[in-house]
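1. Just need the structure, nothing else, for what follows:
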Amino acid sequence: MKRTKEDYPSFNLFPIVGTWESVNLNPTVIIYQDDKKYLLSIIYVSETTKQASPATYEIQQDGSQYFISIASKRLYIDYDSTKDVLSISSLGDYLRN
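-> Residues are numbered from 1 along each chain as shown. This is a model prediction of the structure:
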């Protein structure tokens, strides 16, 4: 089967490696590379204990889109390199820390 432009992601994952803070006060996100995989950790902070606890997910690709799976739900990841803004569906926009 011949691959089309829609089969390839619109951006490379390497430029989004780093720490990202939500513009909507959602949990902080850290993206890093482990061997050949890219991982996304969401850092949840307890309101009562103020302790941070990460939840880590492998970034996967479906055609031209990247996503993580949380409780059998896909959260899609997009990146605007011009504005340096990371977008995660249902979590909103993130700025580089």
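
2. Just give the nearest non-adjacent residue to residue 65, would you?
-> Nearest residue to residue 65, sequence neighbours excluded (CB to CB, 6 or more residues apart in numbering): residue 76, at 5.6 Å. C-betas here are computed from N, CA, C, even on glycine.

3. now that neighbour, which residues is it bridged with?
-> With DSSP bridges applied, residue 76 shows beta-bridge pairing to residue 67.

4. Run a quick neighbour tally on residue 30.
-> Residues lying near residue 30 (other CB atoms under 10 Å) number 16.

5. let me redo that: residue 12
-> The number of residues packed near residue 12 is 9, by other CB under 10 Å.

6. cool, and residue 36?
-> Residue 36: 5 neighbours (other CB under 10 Å).

7. Residue 44 versus residue 51, what's the distance?
-> Residue 51 is 9 Å from residue 44, where distance means CB to CB, to the nearest Å.

8. Compare the two (neighbour count), which wins?
-> Neighbours were counted for residue 51 and for residue 44 using other CB under 10 Å; residue 44 has more, 14 against 8.

9. which SSE is the more buried one in?
-> strand 37-45 (DSSP states H and E).

10. Would you mind pulling the contact partners of that strand?
-> Here strand 37-45 makes contact (CB atoms under 8 Å, 6 or more residues apart in numbering) with 13, 17, 27-33, 51-59, 68, 77.

11. Weed out the non-buried ones from those.
-> The neighbour-count criterion (16 or more other CB atoms under 10 Å) marks 13, 27-31, 59, 68, 77 among those as buried.

12. Right, I'll leave it there.
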